[in-house]
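In: the following comprises the amino acid sequence and a computationally predicted model.
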Amino acid sequence: MTTMHDPPHRRRLPAVVRSALAAVALALGLWPWWAAREDARNAFPGFVATQATASSADEAPVFETGVINPDSRLAKALSASLVEMPDGSLVAAWYAGSAEGAADVGIYLARRGSDGRRSEPSLSLKRQRVMSDLLRNVVSLGNPVLLVDGHGRLGLLFVSIGAGKWSGSSMNLTWLDNRNRAWGPIKNLTLNPLANLSALPRNPPAPLIGGGWAVPVYQEFLGLFPEILWLQPQGEGYAAAVSRIAGGMSVFQPALVPLAQQRALTVMRDGTKARRMPVAWSDDAGCAWTQPAATDLPNPNSGVCVVRMADGSLLCAFNDSPEGKRDNLRLALSRDEGHTWLRIATLQEQAGQEFSYPYMILGSDGRVRMVYSSRGTQIRYAEFNAAWIAREETGVLR
């Protein structure tokens, strides 16, 4: 009898199959460097530093939280993102359906006006529409990330799964037509030479000098690879190119945080047995990165997000467990550009439940706005200011 600790002998794949897989892995491995080299003149223009109003010293602590989709009956709601519009309103997006990767999964949107009024969540994009625009098979949708361009247009990056699961996905971009409040033509982004296999966004984009964004993305086909998608103005649209953050096969789902025009930090999800949150730094606007270094924060192979506050400190949302669990969601603060972290607050914690995929932005008023998945079915929202963070920091978690 065999057990999970004593696997049976595996049959060797035919030589032609092994050669084909090796060629695929080599092509996917080399493509980001080749693409970045071809676009090197424009690929690394520099980051826009944090633009936010610092809190006044006498501001009272503020913390608000709630559920964006309280009436949803769908079994899964995951991977939420959030963006602030020029008028101060907020838009959230997530994917939801009967199960992750199911045919009924769609992209949902909800809005909160600058006056605080909230709209009911609505199904904004279905896979049938995506199939019609792309003229290809789509089995499911996922990982929406919102953008706002210099004209105030709302953009949506998302993935469409053509076959299998996430490794069979590709990335798409569309813009909202404000006249009829509908998404315009959907464009599939060419990010690698193999039918765009496995290209997924997850965390907030970083604005670039001259327009466009550095979007932290990743692939998980024949390995785990953190990358940056460079979306830069070209004519009436945007040119897309990718570059690799780390060349290994064990870290992915990066979160990108500009520290200055040329300097940036990325924290990542750890796919190794070490279960520690990796960090890497760049001093040349994202062209080259240090080797990922493990921090003292655990990472149970789960998504993380980091935001830079107006005072330069870094705030990280993470699952505080080395054992593969996501039954809590905590905040940690760094005042030395991510080298060391201090736990300051617990947002949610309950044994046997899951709180995952945090997504944070810094509002123009200096407040942190955050969305995350609670128990796999709810999309929760949290908002807090620097005064609340300072108060929590004085009662540091041990």
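Out: Okay, I see it. None of the values given here were measured: they were computed from a predicted structure.

In: any low-confidence regions in the stretch 251-398 of the chain?
Out: Scanning the stretch 251-398 of the chain for pLDDT under 70 picks out 396-398.

In: can you tell me the strand partners of the helix or strand hosting Val91 and which way each runs?
Out: Element membership for Val91 (DSSP states H and E) is strand 90-97. Within its sheet, strand 90-97 is paired with strand 76-84 (antiparallel), strand 106-112 (antiparallel), according to DSSP bridges.

In: which residues are in contact with the last one?
Out: Translated: strand 106-112. Strand 106-112 is touched from outside by 68-69, 77, 89-97, 118-127, 141, 144, 156, 158, 379, with contacts defined as CB atoms under 8 Å, 6 or more residues apart in numbering. (Glycine included, C-beta is placed from N, CA and C.)

In: what subset of those residues is buried?
Out: 68-69, 77, 89-97, 121, 124-127, 141, 144, 156, 158, 379 (16 or more other CB atoms under 10 Å).

In: where do the helices sit along the protein?
Out: With helices called from DSSP state H, the chain shows them at 15-38, 40-43, 127-134, 386-394.

In: quick one: low-confidence parts of the stretch 1-150 of the chain?
Out: Scanning the stretch 1-150 of the chain with the threshold set as pLDDT under 70 gives 1-43, 50-57.

In: mind doing that once more with 90?
Out: Across the stretch 1-150 of the chain, residues meeting the criterion (pLDDT under 90) sit at 1-44, 49-59.

In: how about the closest residue in space to Leu109 that isn't next to it in sequence, what does it touch?
Out: Using CB to CB, 6 or more residues apart in numbering and skipping residues adjacent in sequence, the residue nearest Leu109 is Ser124, 4.3 Å away. Residues near Ser124 by CB under 8 Å, 6+ apart: Ala93, Gly106, Ile107, Tyr108, Leu109, Trp183.

In: ok, Leu256 to Leu229 distance?
Out: 10 Å (CB to CB, to the nearest Å).

In: anything in contact with each of the two?
Out: Ala214, Val215, Pro216.

In: find the nearest non-adjacent residue to the first one, please.
Out: I take that to be Ala214. Ala206 (4.6 Å).

In: pLDDT score assigned to that neighbour?
Out: If you check Ala206, the pLDDT there is 97.

In: so who does it touch?
Out: Phe47, Val48, Trp213, Ala214, Val215, Pro216, Leu256, Val257, Pro258, Ala264.

In: for those residues, give me TSV that also has distance to Gly312 and neighbour count.
Out: Below are those laid out as TSV (distance: CB to CB, whole Å; neighbours: other CB atoms under 10 Å):
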residue	distance to Gly312	neighbour count
Phe47	14	24
Val48	15	16
Trp213	21	25
Ala214	19	26
Val215	23	25
Pro216	20	28
Leu256	16	25
Val257	11	25
Pro258	11	22
Ala264	13	25
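
In: export these to a markdown table and tack on distance to Phe384?
Out: Converted to a markdown table, the contacts of Ala206 look like this (distance: CB to CB, whole Å):
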| residue | distance to Phe384 |
| --- | --- |
| Phe47 | 25 |
| Val48 | 24 |
| Trp213 | 25 |
| Ala214 | 26 |
| Val215 | 25 |
| Pro216 | 23 |
| Leu256 | 22 |
| Val257 | 18 |
| Pro258 | 22 |
| Ala264 | 24 |
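
In: report the two of the residues you listed separated the most.
Out: Val48 and Pro216 (15.3 Å; CB to CB).

In: re the thing from before, the residue nearest to Ala214 and Gly212: what is the separation?
Out: Taking CB to CB, one finds Ala206 at 10 Å from Gly212.

In: how close does the residue nearest to Leu109 get to Leu347?
Out: Ser124 is 27 Å from Leu347, by CB to CB.

In: and what of Leu256?
Out: According to CB to CB, Leu256 stands 22 Å off from Leu347.

In: the closest residue in space to Leu90 that isn't next to it in sequence pairs with what?
Out: Nearest-residue entry for Leu90: Arg112, 4.5 Å, with adjacent residues in sequence omitted and distances by CB to CB, 6+ apart. Applying DSSP bridges to Arg112 gives these bridge partners: Leu90, Arg118.

In: now swap in Tyr238 and tell me
Out: Pro233.

In: for the stretch 251-398 of the chain, which segments are assigned as strands?
Out: In the stretch 251-398 of the chain, the strands defined using DSSP state E, counting those that start in this stretch lie at 251-258, 264-270, 276-282, 293-298, 305-308, 314-318, 328-334, 342-349, 355-362, 368-374, 378-384.

In: mind putting these in a markdown table, distance to Pro201 included?
Out: Below are these laid out as a markdown table (distance: least, CB to CB, whole Å):
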| stretch | distance to Pro201 |
| --- | --- |
| strand 251-258 | 10 |
| strand 264-270 | 14 |
| strand 276-282 | 18 |
| strand 293-298 | 23 |
| strand 305-308 | 13 |
| strand 314-318 | 17 |
| strand 328-334 | 21 |
| strand 342-349 | 23 |
| strand 355-362 | 11 |
| strand 368-374 | 15 |
| strand 378-384 | 17 |
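
In: nearest to Leu222, of the ones you listed?
Out: Closest among the strands of the stretch 251-398 of the chain, using CB to CB: strand 251-258, at 12.5 Å.

In: that closest one vs strand 293-298, what angle?
Out: 100 degrees (axes from the mean of the first three to the mean of the last three CA atoms, to 10 degrees).

In: helices or strands next to strand 251-258 in the packing?
Out: The helices and strands touching strand 251-258, judged by 3 or more CB pairs under 8 Å, 6 or more residues apart in numbering; DSSP states H and E, are strand 206-207, strand 213-219, strand 225-234, strand 264-270, strand 305-308.
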